[in-house]
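K.L.:
Kindly return the folded structure for what I paste below:
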Amino acid sequence: MKYLYIFIALLLLNACSFENHKSAKIGEVAAEISAKNLLGNKINLNDDKNNLKVLVFFQNGCSSCLKELPYLDDFIQNYPNKISVYAINSANDMQTIQSLAKKFDFKNVKILKDDLKITQDRYAVFATPTTIIIKNGIIKDRILGKTPWENLKSKLISLL
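P.N.:
Now for the predicted structure:
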C-alpha cells in the first residue's frame, strides 16, 4: 500500500511539472490538430464551421474513454451543425482504431489517428481520457480522466 501512495505521488508530481509552451491552457487559442481520419485524410479544426468542438484523446483498453464516446455520439444528433467531436488516438495502430470504430459504429464522432503524437504534444496530453472543449477557437475546459456524463453534458449545453 505504501508503494501505491508513492507511485501516485510521483505521478502527480510528474504531471504538475510537465511543461510545454503549447500546453493547451484554458483561455488560450486552441492549437491546430495534426491527425488523419480513418481514410488517411488530414483533418483541420479550422475547416470545421461548428463553433463548439470537443477533442477526446482515447486509447484501446481505456474503459472510461470508450464509455464517453457513445454518449457524445448520441448527444451530437440533438445539436446538428453546432458541435463536433473528434476522438483522437495516439497510442494504437490504425488497424486497432478501425476495429474500435467498426465495433462502436459511431455516426457523428470523427475518429482520428495522431501518428506522430503531434496533437497529443500540442495539447500536453499525458493520460486518457483527456477531453478538451473548444468554443470559437478558444479552449474553454480541459478534463483529465473520467467524468460523469451528466457533468460533461451540462458543460456542453452551457456552451451551445
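
K.L.:
how about the strands in the chain?
P.N.:
Along the chain, counting by DSSP state E, strands occupy 35-37, 42-43, 52-58, 83-89, 110-113, 130-135, 138-144.

K.L.:
Packing partners of the last one?
P.N.:
Translated: strand 138-144. Secondary-structure packing of strand 138-144 (3 or more Cβ pairs under 8 Å, 6 or more residues apart in numbering; DSSP states H and E): strand 130-135, helix 149-159. C-beta coordinates here come from the backbone N, C-alpha and C atoms, glycine included.

K.L.:
Quick check: which of these is buried the most?
P.N.:
Counting by mean count of other Cβ atoms under 10 Å, strand 130-135 has the highest mean neighbour count of the helices and strands packed on strand 138-144, with a mean of 22.

K.L.:
got the angle between it and strand 52-58?
P.N.:
With axes from the mean of the first three to the mean of the last three Cα atoms, to 10 degrees defining the directions, strand 130-135 sits at 170 degrees from strand 52-58.

K.L.:
circling back: please name whichever of the helices and strands packed on strand 138-144 is nearest to residue 142.
P.N.:
With distances scored as Cβ to Cβ, the stretch of those nearest to residue 142 is strand 130-135 (5.6 Å).

K.L.:
contacting residues around the closest one?
P.N.:
Strand 130-135 is contacted from outside by 24, 30, 45, 51-57, 68, 123, 139-145, 147, 152, 155-156, 159, using Cβ atoms under 8 Å, 6 or more residues apart in numbering.

K.L.:
could you dump the strands of the chain to CSV with mean pLDDT?
P.N.:
Below are the strands of the chain laid out as CSV (pLDDT from 0 to 100):
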stretch, mean pLDDT
strand 35-37, 95
strand 42-43, 96
strand 52-58, 97
strand 83-89, 97
strand 110-113, 96
strand 130-135, 97
strand 138-144, 96
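
K.L.:
would a markdown table of these with distance to residue 77 be doable?
P.N.:
Shown next, in a markdown table, are the strands of the chain (distance: least, Cβ to Cβ, whole Å):
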| stretch | distance to residue 77 |
| --- | --- |
| strand 35-37 | 20 |
| strand 42-43 | 21 |
| strand 52-58 | 14 |
| strand 83-89 | 10 |
| strand 110-113 | 14 |
| strand 130-135 | 18 |
| strand 138-144 | 22 |
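
K.L.:
Of all the ones you listed, which one is nearest residue 64?
P.N.:
strand 52-58 (8.7 Å).

K.L.:
picking up where we left off before, any chance of a PyMOL selection covering the buried ones in the contacts of strand 130-135?
P.N.:
Of these, the buried ones go into a single PyMOL selection, burial set by 16 or more other Cβ atoms under 10 Å:
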select buried, resi 24+30+45+52+53+54+55+56+57+68+123+139+140+141+142+143+147+152+155+156+159
